[in-house]
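Chemist: Below is the sequence, then the predicted model.
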Amino acid sequence: MADVVDDIKSRLGIEEVVSQYVQLKKFGRNLKGLCPFHGEKTPSFVVSPEKQICHCFGCNKGGDIFAFIQEVEGVSFVESMHILADRCGIKIDEDKLEKKAAKSEKDIYFKAHDLACDFFEQQLYTTSDGKKVLDYLYRRGLKDETIKEFRLGFAPDKYDELYPVLLNKGISKEVLLKSGFVSSKNIGTDNVYDKYRARLMFPILDAVGRVCGFGGRALKHDQAPKYLNSPENPVYNKSRVLYGLHHSKKYIKEQNQIVLVEGYFDVILPYQAGIKNLVASSGTALSNEQVRIIKRLTTNVVTSFDTDSAGIEATKRAYVLFQNEDIQVKTVTGIDKKDPADFVLEHGDKFKELVDKAGDFLSFMISKVIGDNDITSLTGRRKVVKELLPYYHGMSPTTRDFCVKELSQRLGMNEQHLYEEIESYKLPSGHPMRQAAEMSEVKAVANKLTTEELVVALILENPTLFENAKKTIDLGIVTEWTKNVYNDLLEQYNSARENFKNWNFEIGFLSQDKEKIDVLRLYAEELYNGFSHEALSAEVEKLIDRYKKDRKTKVLSELQISIAEAEKADNRDQLKTLLLEQQRLLKS
């Protein structure tokens, strides 16, 4: 294994690997960029070609190329070897590797998904029903090479086609159930059946090209739901995957721009037409995690969602998330109430022209809101101002000045009057901009947490950490508040015994200080999102150790003051006691 590691390192430099995920700029002998492991506006992530390491001075994450890939892709060391070996053309001897490293849970799930993808592809091309679906894809404008590149497939309208195939290939029933390939009315019996039936299958690939999930489109008119998506499992988290990213990542970096669309076909057809820097959110509303993935690649986004009311709302939500990360947002207009896939099918290259001509989101919103209201009337003007003002919150002074000028010119209003409206305007509860502002306030408070509070936060959010943590927590050195929380948790833990799963926050002391408990849980969720149980356990252990050391340092400092006072007062008995306590602490 050591030979393979050295060989990979000799062919791939740290800057080459990191630059596929982070926009790097020269900074002396090193390179700098925004950390891919945490959200930030000022670059603190440093890459050293000389030392062949990377490190974030904001979150202290980094390491060599393997550590970086493990962290950024959420994979094991062996998986990181496969990813990097593939990139530099090295063939790994699987037999030797398997003797040294047992297959991880993720390996098994990835294998299951890849086998399922092979099955769906085969069904598309080799069965009579599959060929009907293939004809449908041709009618939608897809070519064979595109269908094969995106690995589209067909799930037959049968209850027992996929299940026995995967079972015979060594995939357990538990993995198949958790992956969403099969369903069962009673898990304890053999009454298991295929979940995807009579569906066009879109495999969802992670950033390195591994199948991690599926979206199945209904092929019958009375079939529900229209899209059946994979459940979350060890290799699939819909909030952290962007459909098409594996295909488009190279082009996004080359063009320093990403086009964000809604559907699978909206990615595939424009891609086939030569517009290759597209992605879609994977069966979900755009998430903060997806925004951060995009930010690693570019800070220039063009949205092209459906033009119906739902599409407009999705565009608004996306703008709020991107604005919070200082990402520039433009919006495509002029596709005549069609989605990008249908527009490309009818007009071909014209979609590329519309992407190139896309205007700023706020200009788009100004035009839309003005078009929806009669601005010759006072009521109409008030509606326009009321709907647009929320988006002026959170803008930099330069951006706000530009946008105020545009709105004042379109409405024929005095700029000063608009500034006064902005200053006096209060965001309504529930508005995305207000929720974003409130989240920033919560994070600002959370950043001031003590080490002791961090330990509590992690245990509150991850109950399984309590069993080991309770062995090392010293109740003699914690605050009264932490003691109360601990005693509550211990009582719940002991009461549940082997059936223990989650904390009940509605009883005891936990229910009495719910606001603080919720903030702590939120902080733990945000800061440690995606950590494995092992990593979280190590973090708690580290934090408890740090707290004990900090507490010891503080007590020694206080003892030193008391010793000085005892010496000054010539109190020999007290001085002897204090010096003995000091020696005890120094030896502990």
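Modeler: Received the coordinates, thanks.

Chemist: From here on, just use CA atoms for contacts and neighbour counts.
Modeler: Fine.

Chemist: residues in contact with Leu124?
Modeler: 130-131, 133-134, 153-155 (Cα atoms under 8 Å, 6 or more residues apart in numbering).

Chemist: Buried ones among those?
Modeler: The neighbour count (16 or more other Cα atoms under 10 Å) marks 130, 133-134, 153-155 as buried among these.

Chemist: Packing partners of the longest helix anywhere in the chain?
Modeler: If you go by DSSP state H, the chain has its longest helix at helix 533-569. If you count contacts as 3 or more Cα pairs under 8 Å, 6 or more residues apart in numbering; DSSP states H and E, helix 533-569 packs onto helix 451-461, helix 466-469, helix 572-587.

Chemist: could you dump the ones you listed to JSON lines with distance to Leu407?
Modeler: Putting the helices and strands packed on helix 533-569 into JSON lines (distance: least, Cα to Cα, whole Å) gives the following:
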{"stretch": "helix 451-461", "distance to Leu407": "45"}
{"stretch": "helix 466-469", "distance to Leu407": "55"}
{"stretch": "helix 572-587", "distance to Leu407": "67"}
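
Chemist: ranking the ones you listed by burial, who's on top?
Modeler: Each of those was scored by mean neighbour count; the highest is helix 451-461, a mean of 22, by mean count of other Cα atoms under 10 Å.

Chemist: Let me see the residues that make contact with it.
Modeler: Helix 451-461 has contacts (Cα under 8 Å, 6+ apart) with 465-466, 478, 482, 503, 517, 520-525, 536, 540, 543-544, 546-547.

Chemist: got it, and stretch 34-47?
Modeler: 14-15, 18, 21-23, 30-33, 53-59, 61, 71-72, 292-293, 296, 325-326.

Chemist: In PyMOL, select just the buried ones from those residues.
Modeler: The buried residues among those can be selected in PyMOL (16+ other Cα under 10 Å) with this line:
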select buried, resi 14+15+18+21+22+23+30+31+32+33+53+54+55+56+61+71+292+293+296+325+326
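
Chemist: just checking, which of the contacts of stretch 34-47 belong to strands?
Modeler: Residues of these located in strands (DSSP state E): 30-33, 53-56.

Chemist: Quick check: the farthest pair among the residues you listed?
Modeler: The distance between the two most remote of the ones in strands among the contacts of stretch 34-47 (Cα to Cα) is 13.8 Å, for Gly33 and Ile53.

Chemist: pLDDT at Ala102, what is it?
Modeler: The confidence metric pLDDT takes the value 53 at Ala102.

Chemist: I'd like the distance between Phe500 and Ala273.
Modeler: Applying Cα to Cα, to the nearest Å, the value for Phe500 to Ala273 is 54 Å.

Chemist: Same list (the helices and strands packed on helix 533-569) but as a markdown table, adding distance to Thr315 and mean pLDDT.
Modeler: Converted to a markdown table, the helices and strands packed on helix 533-569 look like this (distance: least, Cα to Cα, whole Å; pLDDT from 0 to 100):
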| stretch | distance to Thr315 | mean pLDDT |
| --- | --- | --- |
| helix 451-461 | 32 | 88 |
| helix 466-469 | 42 | 87 |
| helix 572-587 | 60 | 82 |
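
Chemist: where does the stretch 201-350 of the chain have low pLDDT?
Modeler: 283 (pLDDT under 70).

Chemist: Tell me which residues are up against stretch 357-377.
Modeler: For stretch 357-377, contacts defined as Cα under 8 Å, 6+ apart pick out 302, 319, 329-333, 380-381, 383-384, 387-388, 391, 403, 406-407, 411.

Chemist: Among those, the buried ones, what's the ChimeraX command?
Modeler: To isolate the buried members of the contacts of stretch 357-377 in ChimeraX, using 16+ other Cα under 10 Å:
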select :302,319,329,330,331,332,333,380,381,383,384,388,391,403,406,407,411
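
Chemist: starting at the chain centroid, how far to stretch 15-26?
Modeler: 20 Å (Cα atoms, centre = their mean, to the nearest Å).

Chemist: Same check on stretch 48-65?
Modeler: Remark: stretch 48-65 is offset 21 Å from the chain centroid, using Cα atoms, centre = their mean.

Chemist: so which of the helices and strands packed on helix 533-569 gets nearest Phe119?
Modeler: Between Phe119 and the helices and strands packed on helix 533-569, the shortest gap by Cα to Cα is with helix 451-461, which sits at 39.3 Å.

Chemist: Just give me how far the closest one sits from the chain centre.
Modeler: Worked out by Cα atoms, centre = their mean, helix 451-461 lies 22 Å from the chain centre.

Chemist: okay, the angle between it and helix 533-569?
Modeler: Counting by axes from the mean of the first three to the mean of the last three Cα atoms, to 10 degrees, helix 451-461 lies at 150 degrees to helix 533-569.

Chemist: export helix 451-461 as CSV, just CAs?
Modeler: Output in CSV follows, covering the C-alpha atoms of helix 451-461 (Å, rounded to 0.1, in the frame of the first residue of the first chain):
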residue,chain,number,x,y,z
THR,A,451,-15.4,24.4,25.6
GLU,A,452,-17.8,23.1,28.2
GLU,A,453,-20.8,24.2,26.2
LEU,A,454,-19.4,22.7,23.1
VAL,A,455,-19.3,19.3,24.8
VAL,A,456,-22.9,19.6,26.0
ALA,A,457,-24.0,20.8,22.5
LEU,A,458,-22.4,17.7,20.8
ILE,A,459,-24.0,15.3,23.3
LEU,A,460,-27.4,17.0,23.1
GLU,A,461,-27.4,16.7,19.3
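
Chemist: quick one, strands of the stretch 1-150 of the chain?
Modeler: Taking DSSP state E, counting those that start in this stretch, the strands of the stretch 1-150 of the chain run over residues 25-27, 30-33, 45-48, 53-56, 62-63.

Chemist: quick one: average confidence on stretch 160-178?
Modeler: 94.

Chemist: what's in contact with that stretch?
Modeler: Contacts of stretch 160-178 (Cα under 8 Å, 6+ apart): 108-109, 112, 115-116, 119, 181-184, 192-194, 231, 233.

Chemist: List only buried entries from these.
Modeler: 108-109, 112, 115-116, 119, 181-183, 192-194, 231, 233.

Chemist: Quick check: which of these has the minimum pLDDT.
Modeler: Ranking these by pLDDT, Val192 lands last with 87.

Chemist: list the contacts for it?
Modeler: Counting by Cα under 8 Å, 6+ apart, Val192 touches 163, 182-185.

Chemist: Would you check which pair of the residues you listed lies furthest apart?
Modeler: Largest pairwise distance in the contacts of Val192, by Cα to Cα, is 14.9 Å, between Tyr163 and Lys185.

Chemist: neighbour-wise, which of these two wins?
Modeler: Tyr163 (22 against 10; other Cα atoms under 10 Å).

Chemist: mind checking which helix or strand the more buried one is in?
Modeler: For Tyr163, the host element (DSSP states H and E) is helix 162-168.

Chemist: how about that helix: buried residues?
Modeler: Along helix 162-168, these residues count as buried under the neighbour rule (16+ other Cα under 10 Å): 162-163, 166.
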